[in-house]
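In: Provided below for reference: sequence and predicted model.
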Amino acid sequence: MKLTKWKIAIISIILIPILIISILYIKFDRLPIYTFKGQKVYYNHAVYKTDAAFLQKYTDGKLQTDGVIGKTRDSKFLGFKTTVFKAKGYNKSEVIIIKGLMFDDVLIKEKKTGE
């Protein structure tokens, strides 16, 4: 069977998107999972809560995302997940940004009474 240019083009149109989707799935499937309950996020014995001052900075464009550091599995509707980003200029264990389908939120690590 001789492969013509058309057959190669059709095969690549089918295989390239499958390859890209597979790579993205594997990349995002290995991210750490943050637990999202109500207004708080839990990860690795740390509790994060919403901070209005950081949220205002983010809304004004003064706080930017630096990279994906995790995901949450909070939604039951069609499996939509929110993504957890590192805030640029801050330690990823102190300030995180959560982006969902219809919301963005900035969370800071809660301080324990002994800290």
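Out: It's in.

In: Tell me who's in contact with Val106.
Out: Thr50, Asp51, Phe54, Leu55, Lys57, Tyr58, Leu63, Ala87, Val95, Ile96, Ile97, Ile98 (C-beta atoms under 8 Å, 6 or more residues apart in numbering). All C-beta atoms are positioned from the backbone trio N, CA, C, and that covers glycine.

In: rerun that using 6 Å as the cut-off
Out: Val106 makes contact with Phe54, Leu55, Tyr58, Ile97, according to C-beta atoms under 6 Å, 6 or more residues apart in numbering.

In: mind listing the helices for this protein?
Out: Remark: helices assigned in the chain by DSSP state H are 5-29, 52-60.

In: Just the buried positions in the shortest one, please.
Out: So the one you mean is helix 52-60. By neighbour count with 16 or more other C-beta atoms under 10 Å, helix 52-60 contains the buried residues Phe54, Leu55, Lys57, Tyr58.

In: Check which helices and strands that helix is in contact with.
Out: Other helices and strands packing on helix 52-60, by 3 or more C-beta pairs under 6 Å, 6 or more residues apart in numbering; DSSP states H and E, are strand 104-109.

In: List the neighbouring strands of the strand it packs on plus their orientation.
Out: Here strand 104-109 is paired, per DSSP bridges, with strand 46-50 (antiparallel), strand 95-99 (antiparallel).

In: quick check: angle from the last one to helix 52-60?
Out: Read that as strand 95-99. 50 degrees (axes from the mean of the first three to the mean of the last three C-alpha atoms, to 10 degrees).

In: what does the first one give?
Out: Between the axes of strand 46-50 and helix 52-60, defined by the same axes, to 10 degrees, the angle is 60 degrees.

In: Val41 reaches Tyr34, doesn't it?
Out: Yes: contact status for Val41 versus Tyr34: in contact at 5.2 Å, counting by C-beta atoms under 6 Å.
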